[in-house]
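J.: here is a sequence with its predicted model. Questions after.
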Amino acid sequence: MKNIIVLVSGGGTNLQALIDAENSGIIKDGKITCVISSKPDVYALERARNNDIPTRVILRKEYSDSVTYSKAILDALREEKADLIVLAGFMTILDECVTKEYAYKIINVHPALIPSFCGEGYYGLKVHEKALEYGVKVSGATIHFVNEKADAGAIILQGTVNVENDDTPEILQRRIMENVEWKLLPKAVSLFCQDRIEIINGKAYVK
Ligand code: GAR
């Protein structure tokens, strides 16, 4: 059974999708053993507590830079004996001290079709604002491994939705979450826990 540590910073709807998938047996061979938040009082922490999942709060604002913050996260991940780390709406970029030690063991959900609308500064609603500003007709979400460059690790799964003429960033965000993120993130976690993701020449393939 793999120890899954979920990192959050907000409402935690993706965390909820993971909890539901674990409870209904969609995630096999893995268990969410800890939720770590970079912010206090976020609803994601409530969701964890409601499901008796241990929580830790490691406040980003208490650290002067991302390297010292990442070292604190690394200590926690080691203590929790993490086998898989899931960034589920985690709004902080992790330094390479974490991404190197956990290469191909950190999964992120990004709310766009990488390599579009991604990288530093593209997170949350901003991603959807940029996609609408550009005028794309399809968007979606990407589940990928995390490496030392923002949103540049090997892609595991992607899914799309149509963009409608009268979409707002909020409406598009919700459509992508419901139709793609909440389905594909648990699926990727399940595949990982069953050792069904193979890396060949830096690319991820589902076996
Ligand atoms: C999700 O849409 C997720 O894809 C996005 O933030 C939202 C978090 O929602 N993540 C990023 O933008 C990371 N770059 P949630 O807290 O309800 O899961």
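T.: Okay, I see it. Everything quoted here is computed from the prediction, not taken from an experiment.

J.: identify, by residue count, the longest helix of this protein.
T.: helix 66-79 (DSSP state H).

J.: buried residues, that one. List them.
T.: S66, Y69, S70, A72, I73, L74, A76, L77 (16 or more other CB atoms under 10 Å). Using the backbone N, CA and C atoms, a C-beta is placed for each residue, glycine as well.

J.: can you check stretch 37-44 too?
T.: S37, S38, K39, V42, A44.

J.: and that stretch, how far out from the chain's middle?
T.: 15 Å (CA atoms, centre = their mean, to the nearest Å).

J.: please enumerate residues in contact with it?
T.: 7-12, 15, 35, 45, 55-60, 69, 88-92 (CB atoms under 8 Å, 6 or more residues apart in numbering).

J.: buried ones among these?
T.: Counted by 16+ other CB under 10 Å, these give 7-10, 12, 15, 35, 45, 55-56, 58, 60, 69, 88-90, 92 as buried.

J.: now the residue in the chain that the ligand sits nearest to: closest residue in space that isn't a chain neighbour?
T.: Here the chain gets closest to the ligand at one residue, G89, 2.7 Å apart by CB to the nearest ligand atom. Distances taken as CB to CB, 6 or more residues apart in numbering place G10 nearest to G89, at 4.8 Å, with adjacent residues excluded.

J.: assign a three-state SS to that neighbour, would you?
T.: Assigned by DSSP: H, G, I helix; E, B strand; the rest coil, the conformation of G10 is coil.
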